[in-house]
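J.: Build me a structure from this.
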Amino acid sequence: AAFCAQLRGDAARIASSFPALLIAPDLLDFQTKRAWLDAALRRKVQGGAFDAGINLVLRRDDMLEGLCDALGVHEHTGQVNAQPRGVNVSFSGEAAQGDGLRREWFGKTTREMVDLGSGLFVTLDGGRTLQPNPESGAHAADHLAHFALLGRIAGLALYHCEQLDVSWSPAFLKAALGYTINVEDVASVDPEKCDNLLKMRGYTAAEVEGCCLSFEVDSEVAQQDFVVDGSKRRRVSVELKPGGANVDVRADNLDEYLQLYSEHRFVGAIKEQVNAFREGLGVWLDAALVAKLRSCCTVGEIQLMLCGAKEIDVDDWQASAGLLGYSGESDQVKWFWAVVRRMAPEEHGKLLHFCTGSVRAPASGFANLMGYHGQQQRFTIERDPRGVERLPTASTCFNTLKLPQYATPQILEEKLRLSTMGVEGFHEGAVAV
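T.: The predicted structure follows:
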C-alpha cells in the first residue's frame, strides 16, 4: 500500500518507469494505473509540440455537423488523419467557455451516436451494454466514419479524464484493444451457443468426432442486392483457417477450433466497425501503449476508465438479489454484503462487471437488471459446492456470482478480491487456487 501511495504521488515517474513495473502489474491499484495513463497521454501532447488544442464551435441543434472534418476523420471511409491534441468546446452564439461545455459535448454527442435508433449499436441484455451492429452499414452509408469518430471521442475523453455516458460490452472493448477473444465471450452474442461450446470441452474423443465438424462454418450475412425469402441475407461458408474445410475437428485440435470459432463468431461479423473504432482511438492509444494497457489492466478497468461507474446503491442491490443454495441468514451471504459495503465506488464497478459484464447498474434499479436477449435476470448469489479452495466465479449471462462456502469472513474477502479485483478471469473456467 505504501509503495502504491508513493507511485501515485508522481504520475510522470510512473509513466517513465512503467515497463519495469510490468513484471508485477498487480502491485498497481486502479488509481495508480489511471495516473500512469494520464501521464502517458499528456506526454504525447507535450512531446508532439502541438498547439493548445482543437477549437470546436458547435451548433446545439446539430452537434455532429462538421465534426468529422474537425477531428480528422474522413466522412465516408472513416480513415483518420489526426494528431494527439486536446479539444476546447464552445457553442455558436454563446459566450460561455470552460470544461463544463466540453463535458456537455462529450455526453450529448456520444448519447446521440450510440442511440439504438441510429442503428450503429445493438443490445442483447436489455440496454445494459452495447456492441456494434453487424449490419450498421444498412442504416448509414457512412457508418465506419461514425465508428472512427466514436474512437476519436473516446480517446479525447481519456485524455481529458472525462467519462462517457455509455457502457460498451466487454467483448467489444476486448476486440477493439486486442485482448484475446475466448469461448466465454461468445456469450455476449449467443449465450446458448456459448454453453454448447463449453460442453464440448467435456466430450470424449469419440463424441467430438461424432459432431462431424470441420474448421469451416456457415455464416449468415447481409447483402443489399441479394434477396432470399424476402430478406436481404444469404449464407456463406467461412474457413476458420486456410484449408479449414478439409480439417476435421478432433480431440487434439478442439481447443484450436473453439478459439478460432470464438474469434470468428464475435469479431468476424463486426471487423470493419472494430477496426474503424480502433483507428480513431489509435490517435491516443498507439500499439505500444495498448500493449502496456493489456499487460496491466483488465477489460473491466478499461471500461471504468472510459465509461465510469455511476454510484451504486448497495441497499437496492442487496434488496433485489436472489439466493441459490444459500439463505438470507447464511454467514457467507452476510459476510459478502459486509465486504461490498466497505468497497470504494470503483470497486463496486469492478465487482458488478465481474458478475454481470457491466460496470453500471440499471438506471431503473437492480430490480430491472436484465440478462441476455433482454430477459429480466436479477443478481443471484449461488453456493458453489466445488470446494473452498476455489476462487468465486461468475456467469455473466445470468448475473450470477458462484460463491464457495468459505469458513471465515477474512477468507471470503481475500478470495473475492483476488477473483474480482486482481485477475481478468471471470468465467466458469477459473482455476482453483
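
J.: Tell me the buried residues in the top helix by length along the chain?
T.: Longest helix of the chain, by residue count under DSSP state H: helix 30-48. Within helix 30-48, the residues scored as buried using 16 or more other Cβ atoms under 10 Å are 30, 32-42, 44-45. Just so you know, the C-beta spots here come from the backbone N, C-alpha and C atoms, and that holds for glycine as well.

J.: As TSV, those with pLDDT would be great.
T.: Listed next are these as TSV, based on pLDDT from 0 to 100:
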residue	pLDDT
Phe30	81
Thr32	85
Lys33	88
Arg34	88
Ala35	88
Trp36	89
Leu37	91
Asp38	90
Ala39	90
Ala40	92
Leu41	93
Arg42	91
Lys44	89
Val45	87
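
J.: Need the residues you listed in JSON lines (columns: distance to Leu351).
T.: Below are those laid out as JSON lines (distance: Cβ to Cβ, whole Å):
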{"residue": "Phe30", "distance to Leu351": "12"}
{"residue": "Thr32", "distance to Leu351": "19"}
{"residue": "Lys33", "distance to Leu351": "17"}
{"residue": "Arg34", "distance to Leu351": "18"}
{"residue": "Ala35", "distance to Leu351": "22"}
{"residue": "Trp36", "distance to Leu351": "23"}
{"residue": "Leu37", "distance to Leu351": "22"}
{"residue": "Asp38", "distance to Leu351": "24"}
{"residue": "Ala39", "distance to Leu351": "27"}
{"residue": "Ala40", "distance to Leu351": "27"}
{"residue": "Leu41", "distance to Leu351": "27"}
{"residue": "Arg42", "distance to Leu351": "30"}
{"residue": "Lys44", "distance to Leu351": "32"}
{"residue": "Val45", "distance to Leu351": "34"}
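
J.: CA atoms of the longest helix of the chain as PDB?
T.: Provided in PDB are the C-alpha atoms of helix 30-48 (Å, rounded to 0.1, in the frame of the first residue of the first chain):
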ATOM      1  CA  PHE A  30      -6.700   1.200 -10.100                       C
ATOM      2  CA  GLN A  31      -5.900   4.900  -9.200                       C
ATOM      3  CA  THR A  32      -2.200   4.300 -10.000                       C
ATOM      4  CA  LYS A  33      -3.000   2.800 -13.400                       C
ATOM      5  CA  ARG A  34      -5.200   5.700 -14.100                       C
ATOM      6  CA  ALA A  35      -2.500   8.200 -13.000                       C
ATOM      7  CA  TRP A  36       0.000   6.400 -15.300                       C
ATOM      8  CA  LEU A  37      -2.300   6.600 -18.300                       C
ATOM      9  CA  ASP A  38      -2.900  10.300 -17.600                       C
ATOM     10  CA  ALA A  39       0.800  11.000 -17.600                       C
ATOM     11  CA  ALA A  40       1.400   8.900 -20.700                       C
ATOM     12  CA  LEU A  41      -1.300  10.700 -22.700                       C
ATOM     13  CA  ARG A  42      -0.100  14.100 -21.600                       C
ATOM     14  CA  ARG A  43       3.400  13.300 -22.700                       C
ATOM     15  CA  LYS A  44       2.100  12.600 -26.200                       C
ATOM     16  CA  VAL A  45       0.800  16.200 -26.400                       C
ATOM     17  CA  GLN A  46       3.900  17.700 -24.800                       C
ATOM     18  CA  GLY A  47       6.300  15.700 -26.900                       C
ATOM     19  CA  GLY A  48       4.500  16.400 -30.100                       C
END
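
J.: okay, and for the stretch 251-400 of the chain, where does confidence drop off?
T.: 309, 363, 371-375 (pLDDT under 70).

J.: could you show me where the helices are in it, in order?
T.: 254-267, 271-281, 287-296, 299-307, 314-319, 331-342, 345-356 (DSSP state H, counting those that start in this stretch).

J.: I'd like those as TSV, with distance to Arg111 and mean neighbour count appended.
T.: Shown next, in TSV, are the helices of the stretch 251-400 of the chain (distance: least, Cβ to Cβ, whole Å; neighbours: other Cβ atoms under 10 Å):
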stretch	distance to Arg111	mean neighbour count
helix 254-267	25	19
helix 271-281	17	23
helix 287-296	25	16
helix 299-307	12	23
helix 314-319	24	14
helix 331-342	29	16
helix 345-356	20	23
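
J.: Go through the ones you listed and name the closest to Arg103.
T.: Closest approach to Arg103 among the helices of the stretch 251-400 of the chain (Cβ to Cβ): helix 299-307, 14.3 Å.

J.: what sits against the residue nearest in space to the middle of the chain?
T.: Closest to where the C-alpha atoms of the chain average out (Cα atoms, centre = their mean) is Pro170, at 2.3 Å. Contacts here follow Cβ atoms under 8 Å, 6 or more residues apart in numbering; on that basis Pro170 touches Thr129, Asp185, Ser188, Val299, Gly300, Gln303, His353, Gly357, Ser358.

J.: can you put these in TSV and add distance to Pro345?
T.: Conversion of those to TSV gives the following (distance: Cβ to Cβ, whole Å):
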residue	distance to Pro345
Thr129	19
Asp185	27
Ser188	25
Val299	19
Gly300	14
Gln303	14
His353	13
Gly357	18
Ser358	15
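
J.: Give the helix, strand or coil label for the nearest residue to Gln97 once chain neighbours are set aside.
T.: Spatially, and ignoring its direct neighbours in sequence, Gln97 is nearest to Ser90 (5.8 Å; Cβ to Cβ, 6 or more residues apart in numbering). Following DSSP: H, G, I helix; E, B strand; the rest coil, the label given to Ser90 is strand.

J.: in the host helix or strand of Lys108, what's buried?
T.: Lys108 is part of helix 99-114, with elements assigned from DSSP states H and E. Neighbour counts over helix 99-114 (16+ other Cβ under 10 Å) mark Leu101, Arg102, Trp105, Phe106, Gly107, Thr109, Thr110, Met113, Val114 as buried.

J.: again with stretch 404-412
T.: Buried residues in stretch 404-412 (16+ other Cβ under 10 Å): Pro404, Tyr406, Leu412.

J.: returning to what we had before: from Glu389, how far out is the residue nearest to the centre of the chain?
T.: Pro170 sits at a distance of 27 Å from Glu389 (criterion: Cβ to Cβ, to the nearest Å).
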